[in-house]
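[1] No letters, just coordinates:
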C-alpha cells in the first residue's frame, strides 16, 4: 500500500466507487476503503432510475449491470391507502434510457467496486478508517483491518479525504453538531418470493406513518423495503414481519400483492434520524458525498441518482476548481437544494393518508401536475411539453 494519495475515499457504495472511477480515469492516485467484504446486502429500495443508466455508461459498467441480472422496470405505480393508484412511466424521468433497473445492492456495489479496481484504484475491503487531522484540516486516514484488535493501524496521507460512508457519516459525524433528535422512523428491507406483481413494475404503498415499495431484482426475488414509525416498531416488539403485516398490509393494494409472500432473507433494519442536507465540508480537506451529504426520501426513486450525481459533481470540482470545497458547495446547492425541499414536502404529504388520497386523485386528473411533480424530484423542472407523457 502506498503512503500518500491524491484522494482517499471511505465507503465503496455507488457514490464512493463512482467517484473513485472518475478520478482514477483522470490520472489521480485514489484509495477506496470499505469496512465490509463484498458482495454484501444493503438496506435500499434497489430501484435504479433511468438517469442512473447514463452514469453507468459513463463509468463503463452498464453491461456489467445487465449481466448481473438487472430487471427492466417500465413503470412505477403509487398507491394510496385505499388502493387508488397513479402510474408514472419510467420514460417520464426524462433520461435517454426508457426503463429503470431492479438490481440488488449486493450486485450493483460489487460491480462498481470491481470497475474501480480495474481503473487503477487501490481498493481495501474489510478495513476500518478513522480521520487524521492536523487540528484544522483533514490530512489522511488511519487504517485497520476489521476484526484485528491487535494490529497496529497504518497511517496514509491524502490531499483530500471523501466521506462516502452513507447515512452513518463515519468520517464527519463527530465533527458537526447534530440537529437531529431521536429517530422517529425505522426502515426495513428483505428479499421475498410469492409477490403478486406484474413484471416490469415497481409499486409503492402509502399507509399511516410510512410508505413501502417492492420491485423485482435478480434471481427471481422481489426487494421489499418499507418505512414505519418508530412508535409502531416499538409497540410491535421490533418484529419486522409483524410491523410489515400491520403497517404495509393495511394498504388495500399491498394486502393483495403480498397475500402469498414468503420472506427469503433476513430482515435488515436501520433507524432514520434525518432527511435532507447535511454538512458538505465538515472540515477543510474533507468532502461528503452521497447519503453522507444528503439523505433524500426513498419514494422518489432518486437516492442512487443523488449518489451518482454528487460523485460526478465532486469529481468535476476536484479536476477543475481552484477552491474545491467552495465550488463543490456552490454547485451542490444549485443542483440539489430545490429538489430536497420538494421531496420534503412530498414526504409530509405521503405520511398523512387523506392528503395522499387527494394528491393521487389530483395527479390522475392532471397530466401537467404529474409531470411537474415528477420532474421536480430531479435536477430541473421541465415544462409539461418537455416531459414524455
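    Here it is on my side, so go on. Worth saying up front: this structure is predicted, and the values here are computed from it rather than measured.
[2] buried sites along stretch 3-23?
    Of the residues in stretch 3-23, those buried by neighbour count under the rule 16 or more other CB atoms under 10 Å are 5-23. Heads up, the C-betas are built off the backbone N, CA and C, glycines and all.
[3] Please narrow these to those residing in helices.
    Secondary structure from DSSP state H places 14, 15, 16, 17, 18, 19, 20, 21, 22, 23 of the buried residues of stretch 3-23 in helices.
[4] and the closest residue in space to the second one that isn't next to it in sequence, what does it touch?
    Which is residue 15. For residue 15, ignoring the flanking residues on the chain, the nearest one in space by CB to CB, 6 or more residues apart in numbering is residue 290 at 2.8 Å. By CB atoms under 8 Å, 6 or more residues apart in numbering, the contact set of residue 290 is 11, 13, 14, 15, 16, 164, 166, 306, 307, 310, 311.
[5] before we move on, back to that, same list (the ones in helices among the buried residues of stretch 3-23) but as CSV, adding pLDDT.
    Written out in CSV, the entries for those read as follows (pLDDT from 0 to 100):
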residue, pLDDT
14, 96
15, 97
16, 98
17, 98
18, 98
19, 98
20, 98
21, 98
22, 98
23, 98
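[6] now, which of the residues you listed sits nearest residue 321?
    Each of those was scored against residue 321 by CB to CB, and residue 23 proved nearest at 13.5 Å.
[7] How much space separates the residue lying closest to that closest one once chain neighbours are set aside from residue 160?
    Spatial nearest neighbour of residue 23, chain neighbours left out: residue 30 (5.1 Å); criterion: CB to CB, 6+ apart. When CB to CB, to the nearest Å is applied, the distance between residue 30 and residue 160 equals 10 Å.
[8] Model confidence for residue 245, exactly?
    What the model reports as pLDDT for residue 245 is 96.
[9] Begin at 24, not 1, for the rest of this chat.
    In the new count, where the first residue is 24, that last one comes out as residue 268.
[10] Could you list every helix and strand in contact with the helix or strand it falls within?
    When elements are defined using DSSP states H and E, residue 268 is found to belong to helix 263-269. For helix 263-269, the packing partners by 3 or more CB pairs under 8 Å, 6 or more residues apart in numbering; DSSP states H and E come out as strand 208-216, strand 245-252, helix 253-258.
[11] TSV for these, including mean pLDDT?
    Below are the helices and strands packed on helix 263-269 laid out as TSV (pLDDT from 0 to 100):
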stretch	mean pLDDT
strand 208-216	95
strand 245-252	95
helix 253-258	94
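[12] Out of the ones you listed, the one nearest residue 296 is which?
    Ranking the helices and strands packed on helix 263-269 by their distance to residue 296 (criterion: CB to CB) puts strand 208-216 first, at 8.4 Å.
[13] where's the helix or strand that that closest one is followed by relative to the chain centroid, distance-wise?
    The first helix or strand that comes after strand 208-216 along the chain, using DSSP H and E, is strand 224-230. Between the mean C-alpha point of strand 224-230 and the mean C-alpha point of its chain there is a distance of 17 Å (CA atoms, centre = their mean, to the nearest Å).
[14] Over the helix or strand following strand 224-230, what's the mean pLDDT, rounded is fine.
    For strand 224-230, the succeeding helix or strand toward the C-terminus, using DSSP H and E, is strand 233-239. Average pLDDT, strand 233-239: 93.
[15] what's the answer for stretch 127-140, then?
    In this model, stretch 127-140 has an average pLDDT of 96.
[16] how distant is it from the center of its chain?
    The offset between the C-alpha centroid of stretch 127-140 and the centroid of the whole chain comes to 14 Å, using CA atoms, centre = their mean.
[17] Over to stretch 212-225?
    Taking CA atoms, centre = their mean, one finds the center of stretch 212-225 at 20 Å from the center of the full chain.
[18] Likewise for stretch 183-190?
    14 Å.
[19] Kindly check the end-to-end length of it for me.
    Distances were taken as CA to CA, to the nearest Å; on that basis the terminal residues of stretch 183-190 are 20 Å apart.
[20] List the buried residues in it.
    Using 16+ other CB under 10 Å as the test for burial, stretch 183-190 gives 183, 184, 185, 186, 187, 188, 189, 190.
[21] which one of the residues you listed is nearest residue 229?
    Ranking those by separation from residue 229, with CB to CB as the measure, puts residue 190 on top at 22.7 Å.
[22] Contact partners for the closest one?
    With CB under 8 Å, 6+ apart, residue 190 has these contacts: 293, 295, 297, 314, 315, 318.
[23] ditto for residue 122
    Applying CB under 8 Å, 6+ apart, one finds that residue 122 lies in contact with 73, 95, 96, 97, 113, 114, 223.
[24] beta partners for the closest residue to residue 235 other than its chain neighbours?
    Taking CB to CB, 6+ apart, and ignoring the residues beside it in sequence, residue 235 has residue 249 as its nearest neighbour in space, at 2.6 Å. According to DSSP bridges, residue 211, residue 235 are recorded as the beta-bridge partners of residue 249.
[25] Let me know whether residue 249 touches residue 269 as I believe.
    No: under the contact definition of CB atoms under 8 Å, residue 249 does not touch residue 269, with a separation of 11.3 Å.
[26] Go through the biggest helix by length in the chain and flag the buried ones.
    Longest among the helix segments of the chain by residue count, using DSSP H, is helix 347-373. By neighbour count on 16+ other CB under 10 Å, the buried set for helix 347-373 is 347-348, 350-352, 354-355, 359, 362-363, 365-366, 369-370, 373.
[27] Identify the contacts common to residue 53 and residue 183.
    Contact with both residue 53 and residue 183 is made by residues 29, 30, 31, according to CB under 8 Å, 6+ apart.
[28] unless I'm mixing things up, residue 100 is touching residue 223, no?
    No: between residue 100 and residue 223 no contact is recorded; they are 11.2 Å apart, counting by CB under 8 Å.
[29] rewinding a little: which one of the contacts of residue 313 is nearest to residue 379?
    Within the contacts of residue 313, the smallest distance to residue 379 is 23.3 Å, found for residue 329 (CB to CB).
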